[in-house]
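S.K.: quick one, what's the 3D model for this:
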Amino acid sequence: MFLKNSVILIVDDSAESRGSLKRDLNELGYRNVLEAANGKSGLMKVDEAQQMGAPVTIIISDWIMPQMSGLEFLKEIRNTTHFSNLPFIMLTAHTQLNDVLKAIDAGVNSYLIKPHNVKDLSDSLTAVWNRLKVKY
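M.R.: Alright, predicted model coming up:
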């Protein structure tokens, strides 16, 4: 499982969704949670955190957002040398197989369907961690 001092970035245009996810992460013991309202501001948060010496450990992003969607954000992250391996969970209401495949093709590490619960979130974080551990 990710360390409890991991820096987690939540990217979602809904303040209510960000708040709910942050409470769930807090319940799991995570306290270093950053927030952004869309992919564009998410990219800025990832850069800022890196420059401040507290890099983002994992991103949890919605898909449907203004300015830059979660899928566009994921593609930008994967195309940025410093962040290309950054774990990324897509948390979305998109349930169509075609959408899941688009996210997988873009390099998502996990796909979580809204609405989620704390157990689903914990299982997703654990699965991503276990896959990364095996990879490295």
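S.K.: and the residue nearest to the spatial centre of the chain, what helix or strand is that in?
M.R.: The residue lying closest to the centre of the chain (C-alpha atoms, centre = their mean) is residue 60, at 1.8 Å. Per DSSP states H and E, residue 60 falls inside strand 58-61.
S.K.: can you list the strands that that strand pairs with?
M.R.: strand 7-11 (parallel), strand 88-92 (parallel) (DSSP bridges).
S.K.: what's in contact with it?
M.R.: Residues outside strand 58-61 that contact it (C-beta atoms under 8 Å, 6 or more residues apart in numbering) are 2, 6, 8-12, 21, 39, 42, 46, 70, 73-74, 77, 86-91, 112, 125, 128. Any C-beta I mention is one placed from the backbone N, CA and C, and that applies to glycine too.
S.K.: and what of stretch 4-17?
M.R.: 2, 18, 21-22, 25, 29-39, 41-42, 45-46, 49, 54-62, 64-66, 70, 73, 91, 114.
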